[in-house]
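Peer 1: Sequence plus the predicted model coming up.
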Amino acid sequence: MKVKDSQIFPPLVAPASYNRFLMAKPSSTDGRTRSSVQIFIVVGLCCFFYILGVWQRSGFGKGDSIALEITKTQADCNIGSSLTFDSHHGGEVEKLHEFDSKSKEFKPCDARYTDYTPCQDQMRAMTFPRENMNYRERHCPHEEEKLHCLIPAPKGYVTPFPWPKSRDYVPYANAPYKSLTVEKAIQNWIQYEGNVFRFPGGGTQFPQGADKYIDQIASVIPINNGTVRTALDTGCGVASWGAYLWSRNVIAMSFAPRDSHEAQVQFALERGVPAVIGVLGTIKTPYPAGAFDMAHCSRCLIPWGANDGMYMMEVDRVLRPGGYWVLSGPPINWKANYKSWQRTKEDLEKEQNKIEEIAKLLCWKKVSEKAEIAIWQKTIDSDSCRRRQEDSRVNFCETTDVNDVWYKKMETCITPNPKVTKGKLKPFPERLYAIPPRIASGSVLGVSVEKFQEDNKKWKKHVNSYKKINSLLDSGRYRNIMDMNAGLGSFAAAIQSPKLWVMNVVPTIADKNTLGVVYERGLIGIYHDWCEAFSTYPRTYDLIHAHGLFSLYKDKCNAEDILLEMDRILRPEGAVIFRDEVDTLIKVKKIVGGMRWDTKMVDHEDGPLVPEKILIAVKQYWVTDGNSTSTQ
């Protein structure tokens, strides 16, 4: 029997199905040959890794079990001798003994926690005021309330379809909720067909499909030439608008609350579309000022005229000068639709007049109103706008840092435009490696143009190394990727591909606030504090990258909590790449030893003398009814 190389040497972090050759029982005709090949391969690889210093302690997978049994009798390969930490880094011997001790085992949580979102827990939410959607915002559990167990996948969970098929189809078992198929049946949001959900691309305001709707917008806004790259979709539903913008090289950050419409954001992420759980309520959105080229609301049910225009002022804060705001649905074109909307003419007219009044105050110019779609453009001439606003005696925000937004109260005030956002950005993809205005102007302290360019060069090198370790990295296997400590976004830039997208997270405790730079590069991201849970459903990321994260959070909060959160948001058979100091990674490896992850430590690209190492991990496939191997 001829055996392919890919079967003999499966990629390091491939799904479980890639190990079937090594796990297979021999047939009557080629049993002895295959068994010999299996033993030869495993023993040979063990010694090979011994020499290179990249051997891992066996995990829980079936393939690793074979390796462990053979190496017990055939070879003397172990983590201590292969990495030889003590010869290169003084004082590491004690840490190796600590690492070799038995890891704490984390048990599975109860099946009722399959879709647990800690900071948007429904029971906790109902204890908060409903005014201004406060109860739909982030309300995280106290330390004593945190779960210290592994969130299980539902029975029957399978790896999502690869993009672009995932845009239109989601396995029913992954998010088994049918309420939207009934509530939104005539609007073409979602349909249930056997063992899958189908997403026809419709929406409440575009039942004929998102593509035609986007064509209407594109007749006014230049979304086809790279000028408009980043978009914000408020009250996104299942994010079909963002899903269909992807083919036009526009990336949308979509958000919707966790509410009575089950799993909106979960469906979006299962489809491979960027989304988070979120709401316009009482606290500012976790995005920098002047970030988005376009913002959108399609019948998103946000009361734009309420609170003296506070929500429009928040959109104005995150919209760059020259950016566009799209509003479709009530109250636009109310004269023709008031009966179908079941509202009075007077009520709708008052609502639209209030929106027009606030838009004028913000120096937004209405550039189009056709049918039920209205589009405004934020002025580029901020100085002229400021003079007009001062004449109107508007209230300006007093904050000295327009990007200091984490848990900060939303205010009824206008945020001054950051000086560095004046003028046009380069079109995408040129924008990806052009010098961002915030760096060119010196607004990011300690980051010069030269350091920005060095950072790009370094991460191109790192990503090339990752691709050698994990051949699946740019294969389409990983669609939803998260960088937990994104810095300047250079990892995302180096890995940029139509097959994937990266959620660039800038920790709130990071030394430098770089998220504005990430957006100026045409990428998306969010502020977050990793001492708390992320605003997403379980199993929504295929690959997680964590560079220096555990060094950053040392003594800030429990590393165990961060790793359990990573496990919650990582898909079964998803991968993690840790890059950190060796002593930090040893502690991380010890914790994940009890989390049903398989791991392998490898040296820095520049050799074993560099104290920074790379830890590769793969989450095993298991569901609520016990351990098993997924079908591909």
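Peer 2: The structure has been received and is ready for your questions.
Peer 1: Only the buried residues of the helix or strand hosting Met123, if you could.
Peer 2: Element membership of Met123 [criterion: DSSP states H and E] is helix 122-125. Residues Ala125 are the ones in helix 122-125 that count as buried (16 or more other Cβ atoms under 10 Å). Every residue, glycine included, has its C-beta placed from N, CA and C.
Peer 1: For the helix or strand following it, output the C-alpha coordinates as CSV.
Peer 2: Downstream of helix 122-125, the next assigned helix or strand under DSSP H and E is helix 165-168. Extracted in CSV, the C-alpha atoms of helix 165-168 (Å, rounded to 0.1, in the frame of the first residue of the first chain):
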residue,chain,number,x,y,z
LYS,A,165,-19.5,28.0,2.3
SER,A,166,-19.8,29.0,5.9
ARG,A,167,-21.3,32.3,5.0
ASP,A,168,-24.4,30.5,3.8
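Peer 1: Which strands or helices does the next helix or strand after helix 165-168 pack on?
Peer 2: Next helix or strand after helix 165-168 toward the C-terminus (DSSP H and E): strand 169-171. Packing partners of strand 169-171 (3 or more Cβ pairs under 8 Å, 6 or more residues apart in numbering; DSSP states H and E): strand 196-198, helix 264-270.
Peer 1: and stretch 562-578, how far apart are its ends?
Peer 2: Stretch 562-578 has an end-to-end distance of 13 Å (Cα to Cα, to the nearest Å).
Peer 1: for it, what is the average pLDDT?
Peer 2: Averaged over stretch 562-578, pLDDT sits at 97.
Peer 1: Use 589 as the first number for this chain going forward.
Peer 2: From this message on, residue numbering opens at 589, which makes the last subject stretch 1150-1166.
Peer 1: contacts for the helix holding Met711?
Peer 2: Residues outside helix 710-713 that contact it (Cβ atoms under 8 Å, 6 or more residues apart in numbering): 723-724, 727, 729, 846.
Peer 1: Other residues contacting stretch 727-743?
Peer 2: Under Cβ under 8 Å, 6+ apart, the answer for stretch 727-743 is 694-697, 699, 701-702, 704, 706-709, 712-713, 716, 761-762, 764, 1120-1121, 1126-1127, 1148-1149, 1152, 1155-1156, 1160, 1183-1184, 1209-1213.
Peer 1: From those, list just the buried residues.
Peer 2: 694, 696-697, 701-702, 704, 706-709, 713, 762, 764, 1120-1121, 1126-1127, 1148-1149, 1152, 1155-1156, 1160, 1183-1184, 1209-1212.
Peer 1: Which members of the residues you listed are positioned in strands?
Peer 2: In strands, defined here by DSSP state E, the members of the buried ones among the contacts of stretch 727-743 are 1160, 1210-1211.
Peer 1: so where is the stretch 1089-1220 of the chain shaky, pLDDT-wise?
Peer 2: Per-residue confidence for the stretch 1089-1220 of the chain (pLDDT under 70) gives these ranges: 1214-1220.
Peer 1: got it, and the chain?
Peer 2: 589-689, 770, 773-774, 848-850, 970-971, 974, 976-979, 1007-1011, 1214-1220.
Peer 1: At which residues are the helices of the stretch 1089-1220 of the chain located?
Peer 2: Per DSSP state H, counting those that start in this stretch, the stretch 1089-1220 of the chain carries helices over the ranges 1103-1108, 1137-1140, 1147-1157, 1170-1180.
Peer 1: could I get the ones you listed as a markdown table with distance to Val746?
Peer 2: Converted to a markdown table, the helices of the stretch 1089-1220 of the chain look like this (distance: least, Cβ to Cβ, whole Å):
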| stretch | distance to Val746 |
| --- | --- |
| helix 1103-1108 | 32 |
| helix 1137-1140 | 30 |
| helix 1147-1157 | 18 |
| helix 1170-1180 | 24 |
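Peer 1: Those: which one's closest to Leu1060?
Peer 2: helix 1147-1157 (18.9 Å; Cβ to Cβ).
Peer 1: helices and strands around the closest one, which ones?
Peer 2: strand 1129-1135, helix 1137-1140, helix 1170-1180.
Peer 1: Dump the helices and strands packed on strand 757-759 to TSV, plus mean neighbour count and distance to Met1070.
Peer 2: Shown next, in TSV, are the helices and strands packed on strand 757-759 (neighbours: other Cβ atoms under 10 Å; distance: least, Cβ to Cβ, whole Å):
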stretch	mean neighbour count	distance to Met1070
strand 784-786	19	24
helix 852-858	27	11
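Peer 1: Nearest to Leu1013, out of the ones you listed?
Peer 2: When the helices and strands packed on strand 757-759 are compared by Cβ to Cβ, helix 852-858 sits nearest Leu1013, at 26.4 Å.
Peer 1: which other helices and strands contact the closest one?
Peer 2: strand 757-759, strand 839-844, strand 863-865.
Peer 1: tell me, how many neighbours does the closest residue to Val1198 other than its chain neighbours end up with?
Peer 2: Spatial nearest neighbour of Val1198, excluding adjacent residues (Cβ to Cβ, 6 or more residues apart in numbering): His1192 at 3.7 Å. Using other Cβ atoms under 10 Å, His1192 is surrounded by 16 other residues.
Peer 1: moving C-terminal of the host helix or strand of Asp904, what's the next helix or strand?
Peer 2: Here Asp904, judged by DSSP H and E, is contained in helix 898-906. For helix 898-906, the following helix or strand on the C-terminal side (DSSP H and E) is strand 907-916.
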